[in-house]
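Enquirer: quick one, fold the following:
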Amino acid sequence: MHMDRRVVITGVGVTSPCGPSTETTWKSVTAAESGIARITHFDTTDYTCHIAGEAKGFDPEQWVEKKRVREMDRFIHLALAAAQMAIESSGFAPDEALRDQTGTFVGVGLCGLETLERTAKVLAEKGPRKISPYFIPATIANLAPGQISMRWNLRGPSYTTTSACSSSGHSIGEAFKWIQRGAMEAAVAGGAEATITPLGIGGFMAMRALSTRNDEPTKASRPYDKARDGFVMGEGAAMMILEEREAAIKRGANILAEIVGYGTSADAYHLTQPAPEGEGAQRAMRMALKDGGIDPARVDYINAHGTSTQTGDINELKAIRAVFGDRAIGGGLWVSSTKSMTGHLLGAAGALEAAISVMAIRDGIVPPTINLDDPDDEAKGFDLVPHESRQRKIDVALSNSFGFGGTNVTLAIARPT
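Expert: Numbering: from 1, shown residues only. Coordinates of the predicted model:
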């Protein structure tokens, strides 16, 4: 086995609350514009939360043949759109031999909730004979990578990683490892989620996890701010094309960044709360640095998990301080949470934020943490890039994703060399 193979990112595709395409999302995020608004997908009258980051301007029929739209839930439509954007932007066109060596890895947190709810209603009102034959293939999580693999005839490994909000961090990490060890040559990797539904919002509402700042949607997601009152749900998808470096160079690909480390851990602590001092997050970051042989001094930017919840935000900052020491609070390391603009895409968050980190490296722009008016005491000394984006040449960026059940992922992404 070759443990020394290098893995590069040659294409990125995004559809998010901040824009229906990769570049519209990136432009919006660097302009410090929020994608959060009142929910239009369903009537929220009886709900305490009326706001979310819907993938506005997204039209499934632009990406999926009209007659096939109903064969898939919205999360699969979003996944196909992001995959197409990534493939087109990378110019990746595998020959027959390479198709057997190209995998599809898509992280999904909660499967096709919209279809599930609609079908449960059909069952209750009209009985089992009225259930659509497409119900199961439209709903199950692995049909996101399944549909991608079928559309582009990619015949390598194809599976879904499901680990709550770390799902797509895991999918990218897994694809990276498959290619690094020589078991595969390329991959489409990322995440998709579409849970802005009565059950999705209602479920997190019941846990009191969501912000209820309904009158100021764009100010509701406020990581590290004292006035934060919970996270804001988002939906969308992000995919990237991963290739073995020499092959990418040989085909003349435009290399955007290199994946250099992957760390993952379990808190083994609590259903929904992070471990004290962000202990599990510390281990994930340390593992990613060790995996890539990365000197912590090379890390210029961390795209934080930063969901805008009381304990999560603070424990992540404690973890960063524990791993990076004086660099964390000396201004050398910049940390921002783009969830302040996009909301929290749950299973797709890791992929979206890794994609944003790639574009930050590509353009030398660090996106901001908006709504940071009165930072937490724990944030003292940290540069959380408040209010507006800034220019910086980034050597290495970390993208953190932490999920319920105490699951943690850190991806280390470097400027191409």
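Enquirer: beta partners of Ser336?
Expert: With DSSP bridges as the criterion, the beta-bridge partners of Ser336 are Asn303.
Enquirer: per-residue confidence for it?
Expert: Reported pLDDT at Ser336 in the predicted model: 98.
Enquirer: ok, now how distant is it from Gly91?
Expert: Distance from Ser336 to Gly91, counting by CB to CB, to the nearest Å: 30 Å. To be clear about C-beta, it is placed using only N, CA and C from the backbone, and glycine gets the same treatment.
Enquirer: now do Leu345
Expert: Taken as CB to CB, the span from Leu345 to Gly91 is 27 Å.
Enquirer: least confident secondary structure element in this structure?
Expert: helix 326-329 (a mean of 92; mean pLDDT, DSSP states H and E).
Enquirer: any stretches of the protein with poor pLDDT?
Expert: For the chain, the stretches with pLDDT under 70 are 1-3.
Enquirer: could you redo the last one with a cut-off of 50?
Expert: 1-2 (pLDDT under 50).
Enquirer: just the strands in it please.
Expert: 7-15, 37-38, 51-52, 102-107, 158-161, 186-193, 236-244, 257-266, 299-303, 334-336, 365-366, 390-391, 396-403, 407-414 (DSSP state E).
Enquirer: tell me which of those strands lies nearest to Arg213.
Expert: Closest of the strands of the chain to Arg213 is strand 51-52, at 7.3 Å (criterion: CB to CB).
Enquirer: quickly run through the sheet partners of that closest one, with directions.
Expert: strand 37-38 (antiparallel).
Enquirer: other residues contacting the strand it pairs with?
Expert: Thr44, His50, Ile51, Ala52, Gly53, Glu54, Lys56, Asn214, Pro217, Thr218 (CB atoms under 8 Å, 6 or more residues apart in numbering).
Enquirer: buried subset of the residues you listed?
Expert: Taking 16 or more other CB atoms under 10 Å as the criterion, what is buried in those is Thr44, His50, Ile51, Ala52, Gly53, Glu54, Pro217, Thr218.
Enquirer: the least confident helix or strand of the chain packs against which elements?
Expert: helix 310-324 (3 or more CB pairs under 8 Å, 6 or more residues apart in numbering; DSSP states H and E).
Enquirer: for the helix it packs on, buried residues please.
Expert: Neighbour-count burial for helix 310-324 [16+ other CB under 10 Å]: 312-324.
Enquirer: and stretch 4-24, what's buried?
Expert: Applying 16+ other CB under 10 Å to stretch 4-24 flags 6-22 as buried.
Enquirer: do the same with stretch 380-390
Expert: Buried-residue list, stretch 380-390, by 16+ other CB under 10 Å: Phe382, Asp383, Leu384, Val385, Pro386, Ser389.
Enquirer: for that stretch, measure first residue to last.
Expert: One end of stretch 380-390 to the other measures 20 Å (CA to CA, to the nearest Å).
Enquirer: same check, this time on stretch 195-209
Expert: 15 Å.
Enquirer: contact partners of that stretch?
Expert: 39, 41-42, 44, 47-49, 52, 54, 109-110, 113-114, 116-117, 210, 230-231, 233, 235, 272, 309, 346.
Enquirer: buried ones in that stretch?
Expert: Neighbour count says stretch 195-209 has Thr195, Ile196, Thr197, Pro198, Gly200, Ile201, Gly202, Phe204, Met205, Ala209 buried, by 16+ other CB under 10 Å.
Enquirer: stretch 146-154 too?
Expert: Those would be Gly146, Gln147, Ile148, Ser149, Trp152, Leu154, for stretch 146-154 by 16+ other CB under 10 Å.
Enquirer: and of the strands of the chain, who's closest to Met285?
Expert: Among the strands of the chain, the nearest to Met285 by CB to CB is strand 407-414 (4.7 Å).
Enquirer: re earlier: pipe the contacts of strand 37-38 into TSV and attach distance to Ala138 per row.
Expert: Formatted as TSV, the contacts of strand 37-38 follow (distance: CB to CB, whole Å):
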residue	distance to Ala138
Thr44	24
His50	27
Ile51	27
Ala52	22
Gly53	23
Glu54	20
Lys56	23
Asn214	31
Pro217	30
Thr218	33
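Enquirer: brilliant, that's me finished.
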